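**Q** Structural data only, the sequence is not supplied:
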C-alpha cells in the first residue's frame with residue numbers, strides 16, 4: 001500500500017489529525033521514529049485534533065459574552081474573590097456533582113466575566129455550556145412560544161451540562177417569565193449545573209421574581225445547592241480598566257513626544 005493510499009484511508013475513517021501528522025512525517029524524512037514512537041505520535045495527533053475541534057464547537061455553542069479565562073481573574077483589592085475557591089472550581093467537580101454557583105455584587109464588579117471564565121473552563125473539560133442574558137432569554141422564549149418552538153428551546157437548555165443566566169433581577173418578572181424560569185430550574189435540579197449572576201442579594205430575589213410561591217419554589221431548588229460568591233469591589237472594574245487604558249495611552253503619547261523632541 002502506498003503512503004498516499006494510507007492517508008486517504010485515514011481521511012476516509014475521519015482520522016484527520018492522524019492523517020495530517022503522517023503527512024508531516026513524510027515531508028520530514030530526517031525524522032526517525034521507532035514503531036512505538038510512531039504509533040504514539042499518530043495517536044496523540046488524532047487525540048489533540050479531536051479535542052480542539054470539540055472545544056471549538058463547545059465554545060461556539062456557548063455564545064459567551066466575553067472571551068474570558070480563569071487565568072485572567074483579578075484577585076487583588078477587596079473584591080472578596082477567594083483564589084483557593086476559584087482554583088477548586090477550575091477542576092469542574094462542582095459540575096460533576098450537579099452543583100450551582102451564584103455570583104452577586106454591584107455592577108462592574110466582574111460577575112459576568114467570572115461566570116464566562118467558569119463557562120469557558122467547563123468547555124475545556126468537555127461540558128456542554130450555554131450563556132444567556134436573562135432578559136433576552138425570556139424574550140426569546142416568548143417568541144418561541146408564539147412560533148411553536150418553545151419545547152425545542154427548553155429542551156436545548158435542559159441538555160446543557162452548564163447553564164449561565166446572567167444579570168438576573170434587572171426587572172421584575174411577569175407571569176410568563178416566572179413560569180419559564182421555574183420550568184428551567186425544575187428541569188435542572190439535581191441533574192445539571194447552573195450559574196446565576198445578579199446585582200441583587202439572594203434575599204431580594206423574591207421581589208424580583210414577583211410571586212412569593214413561585215419564588216420560594218425556584219430559590220429552594222437552586223440556592224441551597226449553590227456555591228455563593230458575593231463580590232465586594234470598591235470600584236467598577238470597567239472604570240478601573242478604562243483608567244488603566246487611558247494611562248497606557250497617555251504614557252505612549254508622552255513617549256512619542258519625547259522621541260520627537262530628541
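**A** Received it, and whenever you're ready, just let me know what you need. Not measured: the values here are computed from a predicted model.
**Q** does residue 172 belong to a helix or a strand, and which?
**A** Assigned by DSSP states H and E, residue 172 belongs to no helix or strand.
**Q** ok, now residue 142?
**A** helix 134-147.
**Q** Please list the residues outside that helix that contact it.
**A** Here helix 134-147 makes contact (Cβ atoms under 8 Å, 6 or more residues apart in numbering) with 132, 150, 152-154, 165-171, 173, 176-177, 180-181. (C-beta placed from N, C-alpha, C; glycine too.)
**Q** now with 7 Å?
**A** 150, 153, 165-168, 170-171, 176-177, 180 (Cβ atoms under 7 Å, 6 or more residues apart in numbering).
**Q** and the angle from the following helix or strand past that helix to helix 134-147?
**A** Next helix or strand after helix 134-147 toward the C-terminus (DSSP H and E): helix 150-159. For helix 150-159 against helix 134-147, the angle by axes from the mean of the first three to the mean of the last three Cα atoms, to 10 degrees is 140 degrees.
**Q** With neighbour count and distance to residue 137 as new columns, can the contacts of helix 134-147 be given to me in CSV?
**A** Putting the contacts of helix 134-147 into CSV (neighbours: other Cβ atoms under 10 Å; distance: Cβ to Cβ, whole Å) gives the following:
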residue, neighbour count, distance to residue 137
150, 17, 12
153, 17, 9
165, 22, 7
166, 24, 9
167, 20, 10
168, 22, 10
170, 14, 12
171, 12, 13
176, 12, 12
177, 20, 9
180, 23, 8
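**Q** Buried residues in stretch 153-166, which are they?
**A** Judged by neighbour count using 16 or more other Cβ atoms under 10 Å, the buried positions of stretch 153-166 are 153-154, 157, 160-166.
**Q** now swap in stretch 186-198 and tell me
**A** For stretch 186-198, by 16+ other Cβ under 10 Å, it's 188-189, 192-198.
**Q** now it, how far from the centre of its chain.
**A** 14 Å (Cα atoms, centre = their mean, to the nearest Å).
**Q** So which residues make contact with that stretch?
**A** 94-95, 98-104, 111-112, 115, 118, 158, 160-169, 221-222.
**Q** quick one: the helix or strand containing residue 229 to chain centroid distance?
**A** For residue 229, the element it lies in under DSSP H and E is strand 226-230. Distance, stretch centre to chain centre, for strand 226-230: 17 Å (Cα atoms, centre = their mean).
**Q** again, but for stretch 138-148
**A** 24 Å.
**Q** Quick one: mean pLDDT over stretch 119-130.
**A** For stretch 119-130, the mean per-residue pLDDT is 95.
**Q** Check which element follows the host helix or strand of residue 56 along the chain.
**A** Per DSSP H and E: residue 56 is located in helix 35-62. Following helix 35-62 in sequence order, the next helix or strand is helix 83-90 (DSSP H and E).
**Q** and that next one, average pLDDT?
**A** Here the average pLDDT along helix 83-90 is 92.
**Q** residue contacts, the closest residue to residue 113 other than its chain neighbours?
**A** Leaving aside its chain neighbours, residue 113 sits nearest to residue 68 (5.0 Å; criterion: Cβ to Cβ, 6 or more residues apart in numbering). By Cβ under 7 Å, 6+ apart, the contact set of residue 68 is 113, 116-117, 120.
**Q** Residue ranges in the stretch 101-250 of the chain under the pLDDT threshold?
**A** 233-250 (pLDDT under 70).
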